[in-house]
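Novice: starting from these lines, generate the structure:
(chains A and B)
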2 protein chains.
Amino acid sequence: MTVWSFGSRIWINGELMDAGLASLPMSDRGFTLGDGLFETMLWTGTHVRFLSEHMARFTQSAAELGFVLPVPLDEIEAGLLALSADAAGGLGALRLTLTRGSGPRGLAIPDSATPMLIASIAPFVLNPNPVDLATVVTTRHAGAPSARFKTLSYIDNIVALAQARIAGADDAIMLGTTGNIACASGANLIIRHKGTCLTPAREDGALPGIVRGRLLKAGLIEEARVTPRHLELCSAAALTNALIGVRNVGSIDRRALTADTVWARSLIDALT
Amino acid sequence: MTVWSFGSRIWINGELMDAGLASLPMSDRGFTLGDGLFETMLWTGTHVRFLSEHMARFTQSAAELGFVLPVPLDEIEAGLLALSADAAGGLGALRLTLTRGSGPRGLAIPDSATPMLIASIAPFVLNPNPVDLATVVTTRHAGAPSARFKTLSYIDNIVALAQARIAGADDAIMLGTTGNIACASGANLIIRHKGTCLTPAREDGALPGIVRGRLLKAGLIEEARVTPRHLELCSAAALTNALIGVRNVGSIDRRALTADTVWARSLIDALT
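Specialist: Numbering: from 1, shown residues only, chains lettered A, B, ... in the order given. Below you'll find the model as predicted:
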């Protein structure tokens, strides 16, 4: 078994263990049905960035989908810190995964199941290059649980990214089923248009990203129904997520954008 | 670890083993991202029903999504038979699950990954009672990979079923994102309307079910854009899937239907 992590340790339901000894029951609903949630967080070398926002989204999503946390929040946070020690001061991608636990066959949520909560950390390298985006045919299921929450049901986004790569781009722009722009395959989108900075609306399938939320709160971007026409007209664009922070977009559908580093810098600075 | 299966054996990539010894790597993309496919088949006590149709759908879906089968088809079929011996002549629900295999973090499909192919069997009991259905707000993502293929990304259907149960029904009727009727949470729908038998179209999010395909081929049902209005007017309805075959619907949104057992019988007979 190949382990893509620092130090090969993993944290499960409160216990830190050798990743080689860790395994998932075949009947876990996270595996059989994508019945789970996750968070991806940045270990900066000294702390977990935006930890409280991640935990707030995670616990709220869990509550809305009827998931139970097997250990208290402070114990989870202690686990993330213990795991991060393996990164030895380097950047790390922390992943926290919660599943409904094992159950008999079928979609019905079991009356009693022991949830699985798993944390792992992998090396992360920040790519400073502008990203090229291509609009793809695979859409986001606007309004559905799979789009509103960060669940394990990711097949549509996997296909969207693959389609963008085939088109020669680095990442995809996905429209929502509403016809408006939603997001990239694993990041939120911001566009600069006529002096305002817009980010696609949750109603169109955008996930409420942590960095996106910070920038909205700071008043630097506003939520809007972003259309394909906006993409053709925008003067600059950026992707945001917890790992990359803010990353400049170099082109959309082969139309080069001016890499507006001053603008991107102002967004990045707003996060610190 | 609780194992919901006959005899506690499981088949993985060509090997039959004790389910207690089997486990999934935490980095398997089937688990981390719902990046996998499955089939559910009926073991009748003597054979796997509609085996060739299941295998045709499975291999075609795998090819379209770029999955690789780790062992040849005849070996898979031999594995299913070996596993079914545990059912000792009783009905069984056979599940075959294929994942992309383990990979590093991120959505990008790894250049090389060892796929996981897992077969398991669980006891199955046929429920002869008519099923009560309720239309729910969670929709099917019409046209998307998550609706076109039987993938591991099932969170929307899980939520749909839970919503139907809260409404006091046994199963959900999901509309597609197109606004037309798609299916139940884990079964296709057939309605009888003005003397014709209609089943929702694939364009509206219906999965190409095996029993549905058989009945279409036999000319007993036809694909149509089924609307909410059709549900209000239909005189009878049935659910179909590989395990239940054809099951009568007792009510839709609390409107009782005449349990047309003669009609249902004619559909069931067409399958043999």
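
Novice: helices along chain A, start to end?
Specialist: Along chain A, counting by DSSP state H, helices occupy A:29-33, A:51-64, A:73-84, A:145-148, A:155-166, A:210-217, A:228-233, A:261-271.

Novice: any chance of the ones you listed in CSV, with mean pLDDT and mean neighbour count too?
Specialist: The C-beta positions use only the backbone N, C-alpha and C, and glycine is treated the same way. Formatted as CSV, the helices of chain A follow (pLDDT from 0 to 100; neighbours: other CB atoms under 10 Å in any protein chain shown):
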stretch, mean pLDDT, mean neighbour count
helix A:29-33, 96, 27
helix A:51-64, 98, 17
helix A:73-84, 96, 18
helix A:145-148, 97, 24
helix A:155-166, 98, 23
helix A:210-217, 97, 20
helix A:228-233, 97, 14
helix A:261-271, 86, 15
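
Novice: let's have those in CSV, adding distance to B:L65.
Specialist: Conversion of those to CSV gives the following (distance: least, CB to CB, whole Å):
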stretch, distance to B:L65
helix A:29-33, 17
helix A:51-64, 27
helix A:73-84, 32
helix A:145-148, 17
helix A:155-166, 7
helix A:210-217, 29
helix A:228-233, 26
helix A:261-271, 35
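
Novice: out of those helices, the one nearest B:L233 is which?
Specialist: Using CB to CB as the measure, helix A:145-148 is the one of those that comes nearest B:L233, at 30.3 Å.

Novice: dump the helices of chain A to CSV, plus distance to chain B.
Specialist: Conversion of these to CSV gives the following (distance: least, CB to the nearest CB, whole Å):
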stretch, distance to chain B
helix A:29-33, 4
helix A:51-64, 10
helix A:73-84, 13
helix A:145-148, 5
helix A:155-166, 4
helix A:210-217, 17
helix A:228-233, 17
helix A:261-271, 22
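
Novice: and whatever residue of the stretch 151-272 of chain A ends up closest to chain B, what does it touch?
Specialist: With CB to the nearest CB, the shortest gap between the stretch 151-272 of chain A and chain B falls at A:S153, namely 3.3 Å. Residues in contact with A:S153 (CB atoms under 8 Å, 6 or more residues apart in numbering or on different chains) are A:34, A:146, B:34, B:146, B:152-156.

Novice: same thing with A:T151?
Specialist: Here A:T151 is in contact with A:34-38, A:65, A:145, B:34, B:155 (criterion: CB under 8 Å, 6+ apart).

Novice: relative to B:N129, which of the residues you listed is nearest.
Specialist: A:D35 (26.4 Å).

Novice: any low-confidence regions in the stretch 51-200 of chain A?
Specialist: Within the stretch 51-200 of chain A, no stretch has pLDDT under 70.

Novice: switch to 90 and redo it
Specialist: A:86-89, A:111-113, A:128, A:195 (pLDDT under 90).

Novice: can you give me the strands for it?
Specialist: Applying DSSP state E, counting those that start in this stretch to the stretch 51-200 of chain A gives strands spanning A:92-99, A:116-123, A:131-135, A:171-175, A:181-183, A:188-193, A:196-200.

Novice: right, is the third one up against chain B?
Specialist: This means strand A:131-135. No. Using CB under 8 Å from any CB of the partner chain, strand A:131-135 stays clear of chain B, with a minimum separation of 13.1 Å.

Novice: by contact count, what packs against that strand?
Specialist: helix A:155-166, strand A:171-175, strand A:236-241, strand A:245-252 (3 or more CB pairs under 8 Å, 6 or more residues apart in numbering or on different chains; DSSP states H and E).

Novice: could I get the average pLDDT for the last one?
Specialist: It stands for strand A:245-252. Average pLDDT, strand A:245-252: 96.

Novice: near chain B, anything from that strand?
Specialist: No. Using CB under 8 Å from any CB, strand A:245-252 never reaches chain B; the gap is at least 14.3 Å.

Novice: with the third one instead?
Specialist: No. Legend: contact between strand A:236-241 and chain B by CB under 8 Å from any CB is lacking; minimum distance shown is 11.2 Å.

Novice: name the residues that touch that strand?
Specialist: A:40, A:131, A:133, A:171, A:184, A:186-192, A:209-212, A:215, A:231, A:246-249, A:252, A:257-260, A:263-264, A:267.

Novice: out of those residues, which end up buried?
Specialist: A:40, A:131, A:133, A:171, A:184, A:186-192, A:209-212, A:215, A:231, A:246-249, A:252, A:257, A:259-260, A:263-264, A:267 (16 or more other CB atoms under 10 Å in any protein chain shown).
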